[in-house]
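Novice: Next one to model:
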Amino acid sequence: MRQARLGPEAAAAFRAHRYTRLEIALHSHMLFIRKTIGAGSLEPETYAAQDASRALVESGVATHLNNNGPVTAPQVLAAIRTAVNAGGERAILDSASRSSIDMINRLEQVDPRRPQPTVPGQAQARTRNNDHGYDR
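Specialist: Below you'll find the predicted structure:
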């Protein structure tokens, strides 16, 4: 089978429509998905956080992540569900942020009952309680 090569114009058009940044955030039980491509930012998309799996599929994010990374759609879905259960507003994924990606990759190792560092990479301090030993 012969492979076709893209001409310079087609290659530039292809690069202009690839995601250069993908952001997913949780605000008031709503997911906000922002995509940036080489040609600029696309219109933000909003979905109910309870339908996170549908949101990832309909937005095209699931296919993109499963094919291109930096994390998989099931990992992002688990991070969304964890954030929804914890409540509050937070960034779920920012593909331009290594710490955001690391937090999603660490999700399987996190005990949700234990307070987690608020700054990615920050060590969880163990404090000494004189009456009972270590308090966590």
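
Novice: give the contact list for the residue nearest the centre of the chain.
Specialist: In the chain, the C-alpha nearest the mean C-alpha coordinate belongs to Leu93, at 2.4 Å (C-alpha atoms, centre = their mean). Shown in contact with Leu93 (C-beta atoms under 8 Å, 6 or more residues apart in numbering): 22-24, 71, 76, 79, 100-101, 104. (Each C-beta comes from the backbone N, C-alpha and C, glycine too.)

Novice: That one pairs with what?
Specialist: For Leu93, the beta-bridge assignment (DSSP bridges) gives partners Ile24.

Novice: Pro8 versus Val76, what's the distance?
Specialist: 34 Å (C-beta to C-beta, to the nearest Å).

Novice: which one of the two has more residues nearby?
Specialist: Using other C-beta atoms under 10 Å, the more surrounded residue of Val76 and Pro8 is Val76, with 22 against 7.

Novice: quick one: the helices in this structure?
Specialist: Using DSSP state H, the helices of the chain run over residues 8-16, 52-58, 61-68, 73-86, 98-106.

Novice: Point out where this protein drops to low pLDDT.
Specialist: The chain contains residues with pLDDT under 70 at 1-2, 6, 10-17, 108-136.
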